[in-house]
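Q: Generate coordinates for the sequence data below:
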Amino acid sequence: MDVPSTPSRRDALRIGGVVITTATAGCNSFSKSGSTGLVLHSALNVETQVMVTVTNADRDEPILNSEVVTVSGGDQIVVSDDIPQQDGHIVTVSVDIDNQPSGELEWEQVSEPLHVIIHQDNIVFTVEPPD
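A: Numbering: from 1, shown residues only. All right, here's what the predicted structure looks like:
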């Protein structure tokens, strides 16, 4: 009889560390001046939808860009490499696992690339350390 294993928070953080270390080895390719990127990592075997919306509160039409990306087990996807690093821009990242809202982040101080790591019930939002 198989017993489902439940990963601990330590397991999720260890996997996240490995993913970030692996990803950052080649991720500094976000070379567009004044922009940065967003990278999704999924360790789930179910499809996960991630909506990324870039807004600017200072404009009449605040939504600059909106994109929905689907990831599944083992995927690492660069969603965007041209997210503006200007004041006033807010990047909202919403994660839905199995069509259920599971996590959201409003990223206001856009500077270094953001990594979203999805593992079991844990979603980790982490900014890549600067060079």
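Q: ranges for the helices of this protein?
A: 9-24 (DSSP state H).
Q: Please name the bridge partners of the residue most central in space within the chain.
A: Centroid-nearest residue in the chain, with CA atoms, centre = their mean: V116, separated by 2.7 Å. With DSSP bridges as the criterion, the beta-bridge partners of V116 are L40, F125.
Q: Equivalent analysis for V69, please.
A: V50.
Q: hang on, isn't E128 packed against S111?
A: No - using CB atoms under 8 Å, E128 makes no contact with S111, being 9.4 Å away. Heads up, the C-betas are built off the backbone N, CA and C, glycines and all.
Q: Who has more neighbours out of those two?
A: E128 (19 against 11; other CB atoms under 10 Å).
Q: ok, back up a step: hmm, the residue nearest to the centre of the chain is touching N122, no?
A: No - using CB under 8 Å, V116 is not in contact with N122, being 11.3 Å away.
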